[in-house]
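Trainee: Next comes the sequence, and after it the predicted model I'd like to discuss.
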Amino acid sequence: MKHSIQKQFPLIFIGLMAATIFCCWFLNSTFLESYYMNKKQKALMQVYAKMNASFMEGSMETEAFDIELQKLCGKYNVSMLVLDEDSQMLLATMHEFDILKRQLLDNIFNRRSDYEKLLERTDQYVLRSMMDPRTHTEYIEMWGFLDTGNLFLIRTPKEGIMESVGIANRFLVYTGLMAVLIGGVVIWFVSKKITKPILALAGISEKMACLDFDTKYQGSMQNEIGVLGENINRLSKTLERTISELKTANNELQKDVEKKEQIDEMRKEFLSNVSHELKTPIALIQGYAEGLQEGMCEDEESRAFYCEVIVDEAARMNQIVQKLLTLNQLEFGNDVTSMERFDLSELATAFVQSADILAKQNGISVKLDTERPCFVWADEYKAEEVIRNYFSNAMHYCSGEKIIHIKVCKAGNKVRVSVFNTGAPVPEACVPHLWEKFYKVDQARTREYGGSGVGLSIVKAIMEAMNERYGVINYENGVEFWFELAAN
């Protein structure tokens, strides 16, 4: 890979380390000498303060003072000299006595060196940076008077400071180069370990782009890469499921296209069914009308019978046409379902009361069991239409004890309405076809009571328009049709 992160990691790390080491070297070269100078000045001030306090207390001849003074001189590489009023030595580093005395006297008599830089001046002392004219060595020195009136000189060479700065910078460069080299090798292996799962994720994503979802991330890292791997796996599952759903939907669409090709056949079948249903009443109307026209009925009673047949068959035709129009509106979505809240038990009670006379005329006993109230959300007119079709169907097929039992009861978040009639159960082979248009279990009996075979199809269309369940249950002594509505 041209811009591999495995190569970029070490290069970035080495660059950062090199820049850091360079900054440290630059800061050392620029400010370390000044820092050392400041530390040396503070060291001279510390020696001066200790020496001045000891002379004031008279403890300069004690062994403890001598030991502490030697420690300070050794620690800070300091030379010192103290003279009395007669220029007699009171304290000195023995091997430098003459040099320090001559330097102190030169300072007193204002013999200036070729190089001198004043650092601090008070009434008691002078702190300066100067060069020894004999050895051409730079010193930081402090001279003046103690509180006892004694002359003193303290100095430390700057050469040690410069050498320390040079050594520190060289050591920093050497160690820096080693650190860059070792760090580069370490970061190379570390970057390989880090980038290995990243490259694995890149490979997985490339396969996902080719719709290959079998490969999964198997890493066990508990960091951001591990989280990314889990998300990639979850994304893979989601994409696989989504593509599967899309393919399923596409397959269903293809089936719909195939079904569309069957529409003409369905229309032909529908027209055939309609013509079959209307053929008989039309033939009867035509036959009896021609009989009246030709004077076949000479007496009043025969004419009345002919006219009654014509009126009945015309009414039956009108009923078939109205039901077909209703079914057509429901199936093609032209009829708006108006959802409202109403008491279903009250609706069922009102319907039973209105149908009581018709039931008694047919010798049928109607029972109603209902919980009050049973509020539901549905289209009230269509719910009544379902009950009406169930009741009409039950009344036509009711036999034996001739009982129709209607129940309205709550079942969880639903309200179930069931219409049971005594009589012969529906043959099991016919149950799946009950909701089809123009399907009739008993053709002769349906013709006898004037059924069209459309009522249960209307029930099916209404319930599906409201997205609710419906069905039929066979019993030994009868049949129960039921439907459910959402309870409120």
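Mentor: Arrived safely, thanks for sending.
Trainee: switch to C-alpha atoms for all contacts and neighbour counts from now on
Mentor: Will do.
Trainee: State the mean pLDDT of the helix or strand hosting residue 256.
Mentor: Following DSSP states H and E, the helix or strand that holds residue 256 is helix 224-260. Helix 224-260 carries an average pLDDT of 80.
Trainee: Check which helices and strands that helix is in contact with.
Mentor: helix 159-209 (3 or more CA pairs under 8 Å, 6 or more residues apart in numbering; DSSP states H and E).
Trainee: Which strands or helices does the helix it packs on pack on?
Mentor: Where contact means 3+ CA pairs under 8 Å, 6+ apart, helix 159-209 is packed against helix 5-27, helix 33-57, helix 224-260.
Trainee: Please compute how far the second one lies from its chain's middle.
Mentor: It stands for helix 33-57. In this view, helix 33-57 has its centroid 67 Å away from the chain centroid, taken as CA atoms, centre = their mean, to the nearest Å.
Trainee: Start at 28, not 1
Mentor: All set: I'll call the first residue 28, so the last point we hit is now helix 60-84.
Trainee: what comes into contact with it?
Mentor: 87, 92, 96, 99, 103, 105, 167-169, 173-175, 181-183, 188-189, 192 (CA atoms under 8 Å, 6 or more residues apart in numbering).
Trainee: Toward the C-terminus, what is the element adjacent to it?
Mentor: Along the chain past helix 60-84, the next helix or strand (assigned with DSSP H and E) turns out to be helix 90-103.
Trainee: Show me the shaky parts of the stretch 328-477 of the chain.
Mentor: Applying pLDDT under 70 to the stretch 328-477 of the chain flags residues 343, 346-347, 349-363, 465, 467-477.
Trainee: where along it do the strands fall?
Mentor: Across the stretch 328-477 of the chain, reading from the start of the chain, the strands by DSSP state E, counting those that start in this stretch fall at 367-370, 392-397, 402-405, 430-438, 441-449.
Trainee: Against which helices or strands is the second one packed?
Mentor: What it means is strand 392-397. helix 371-388, strand 430-438.
Trainee: mind checking which of those is nearest residue 274?
Mentor: Closest approach to residue 274 among the helices and strands packed on strand 392-397 is made by strand 430-438 (38.0 Å; CA to CA).
Trainee: returning to what we had before: reformat the strands of the stretch 328-477 of the chain into a markdown table and put mean neighbour count and distance to residue 455 next to each item.
Mentor: Supplementary listing: the strands of the stretch 328-477 of the chain in a markdown table, determined by neighbours: other CA atoms under 10 Å; distance: least, CA to CA, whole Å:
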| stretch | mean neighbour count | distance to residue 455 |
| --- | --- | --- |
| strand 367-370 | 15 | 34 |
| strand 392-397 | 16 | 26 |
| strand 402-405 | 20 | 31 |
| strand 430-438 | 20 | 21 |
| strand 441-449 | 23 | 17 |
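Trainee: Now the ones you listed in CSV, please, with extra columns for distance to residue 511.
Mentor: Shown next, in CSV, are those (distance: least, CA to CA, whole Å):
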stretch, distance to residue 511
strand 367-370, 14
strand 392-397, 14
strand 402-405, 10
strand 430-438, 9
strand 441-449, 4
